[in-house]
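[1] Generate coordinates for the sequence data below:
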Amino acid sequence: MGLILKIIGFVLAGFISFILLLFAAMWVSDEFLQVTQPQPQVAYGVTFSNIYTQGLELNQDQVYQAIISDLGVKLIRLPVYWNIIQNQPDKFDFSEYDKMLDLAAQHHVKVILAIGKKLPRWPECFVPTWAATLPANNQQAELNNALIQTVHHFQNRPEVVAWQVENEPLFDFGQCSSIDPQVLSSEVSLVRSLDLRPIWVTDSGEVGLWVKPMQLGDYMGASVYRATWNPIFGNFHYPLPPLYYTWKAALIKILFAPSSRGVIISELQAEPWTPGTSIIQTPIQTQLNDFSLQTFQDSVHYADHTYLGTEILWGVEWWYYMKEHGHPEYWNYAKTLFNGSTSF
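    The predicted model follows:
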């Protein structure tokens, strides 16, 4: 028994030493690259949520127009919420999204459409009321039909450059459970059978395993959150070097997903995390303290040095909200990013 414990201790010590050496190598490599390499060329974009904009008590048309005409954004990830396009059985209405895509086309903006039931923004799942109480198999059949109708409706839009199927589907977060990998696989296969555009599958950048998303999607989108909150640890800052994401992507591609076209940042934290309350119920000064302009700039600098090439920023609605409340510095800083952004 004593020998077995010694062996376990030796293996555990070796594993811990390996992890520490790996992280040390990442930090040293990152410092070396920042000194020796030119500023990374990055294609910046944003996620725009009409539902979140309404939650901030903003005019969604004005915000969306400003994102394109004032910020100069050329890449938008747009969630197509199931409960908006089909709020009644057997009746689809895409007019709200048609209008947004018309404006994108006029300004040569590229759009990634996120489709499914688990999509960006709280509460993460957006199932129509009429479908919420259906048995699981029936609900999935309705969702599959919604996917088919959505792809058919938008597939002749040249401004749509990719589909994202679900959002962080294997990550158990929000007021819904994670999606079964087999169900996710069938949804991806369904969308792939309908259209030839690339498919994104996303995962948590910090705690996701990435293997299945990289295997299923043409591209994988990783969320990058340096500062989070959870009920166990409270405020938590991930002590990860930027190259953690780069090395993780390369390793999984080599070992498990050789056909993957790569990893991009699909959700870069660029607004405060306000647990247990909404932004509009949080004092402006608290928001400034929780996510300062310097924090925003540091977050972008950090993501740039993952060298993943594409960064979809999270929080454009909040930048506009802050501008409307006397703090345009976030919006103005973002302008400098999009003015210097490369093509996606």
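[2] Near residue 111, how many residues? Count them for me, please.
    Residues lying near residue 111 (other Cβ atoms under 10 Å) number 22. From N, CA and C alone the C-beta is placed, and that goes for glycine too.
[3] Equivalent analysis for residue 232, please.
    Residue 232: 5 neighbours (other Cβ under 10 Å).
[4] Next up, the contacts around residue 110.
    Under the criterion of Cβ atoms under 8 Å, 6 or more residues apart in numbering, the neighbours of residue 110 are 45, 74, 75, 76, 104, 159, 161, 344.
[5] per-residue pLDDT, the fourth one?
    Put plainly, it is residue 76. Residue 76 is assigned a predicted lDDT (pLDDT) of 98.
[6] Pick out the residue closest to the middle of the protein.
    residue 267 (3.1 Å; Cα atoms, centre = their mean).
[7] The nearest residue to residue 170 once chain neighbours are set aside: what secondary structure?
    Nearest residue to residue 170 in three dimensions, chain neighbours excluded: residue 178, at 5.3 Å (Cβ to Cβ, 6 or more residues apart in numbering). Of the three states, residue 178 takes coil under DSSP: H, G, I helix; E, B strand; the rest coil.
[8] so what's residue 74 up against?
    Contacts of residue 74 by Cβ under 8 Å, 6+ apart are 45, 107, 108, 109, 110, 338, 341, 343, 344.
[9] Can you give me the buried ones in the helix or strand where residue 139 lies?
    Assigned by DSSP states H and E, residue 139 belongs to helix 136-154. For helix 136-154, a neighbour-count test (16 or more other Cβ atoms under 10 Å) marks 139, 140, 142, 143, 146, 147, 150, 151, 154 as buried.
[10] got it, and stretch 198-216?
    Neighbour-count burial for stretch 198-216 [16+ other Cβ under 10 Å]: 199-206, 208, 210, 212-216.
[11] With just CA atoms, put it into PDB.
    Taking Å, rounded to 0.1, in the frame of the first residue of the first chain, the C-alpha atoms of stretch 198-216 are listed here in PDB:
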ATOM      1  CA  PRO A 198     -18.700  27.300 -43.300                       C
ATOM      2  CA  ILE A 199     -20.100  26.300 -39.900                       C
ATOM      3  CA  TRP A 200     -19.000  27.600 -36.500                       C
ATOM      4  CA  VAL A 201     -19.400  25.600 -33.300                       C
ATOM      5  CA  THR A 202     -18.400  27.500 -30.100                       C
ATOM      6  CA  ASP A 203     -17.200  26.500 -26.700                       C
ATOM      7  CA  SER A 204     -16.000  28.100 -23.400                       C
ATOM      8  CA  GLY A 205     -12.400  29.200 -24.000                       C
ATOM      9  CA  GLU A 206     -11.300  28.600 -20.500                       C
ATOM     10  CA  VAL A 207     -13.000  25.400 -19.300                       C
ATOM     11  CA  GLY A 208     -14.300  23.900 -22.500                       C
ATOM     12  CA  LEU A 209     -12.600  20.800 -23.900                       C
ATOM     13  CA  TRP A 210     -12.900  22.000 -27.500                       C
ATOM     14  CA  VAL A 211     -12.500  18.500 -29.000                       C
ATOM     15  CA  LYS A 212     -16.100  17.900 -30.200                       C
ATOM     16  CA  PRO A 213     -16.700  21.500 -31.400                       C
ATOM     17  CA  MET A 214     -13.400  21.400 -33.400                       C
ATOM     18  CA  GLN A 215     -14.400  18.100 -34.900                       C
ATOM     19  CA  LEU A 216     -17.900  19.200 -35.900                       C
END
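[12] Excluding chain neighbours, what is closest to residue 169?
    Leaving out its chain neighbours, the residue that sits closest to residue 169 by Cβ to Cβ, 6+ apart is residue 179, at 4.0 Å.
[13] Does that neighbour touch residue 118 like I think?
    Yes: if you go by Cβ atoms under 8 Å, residue 179 and residue 118 touch, sitting 6.2 Å apart.
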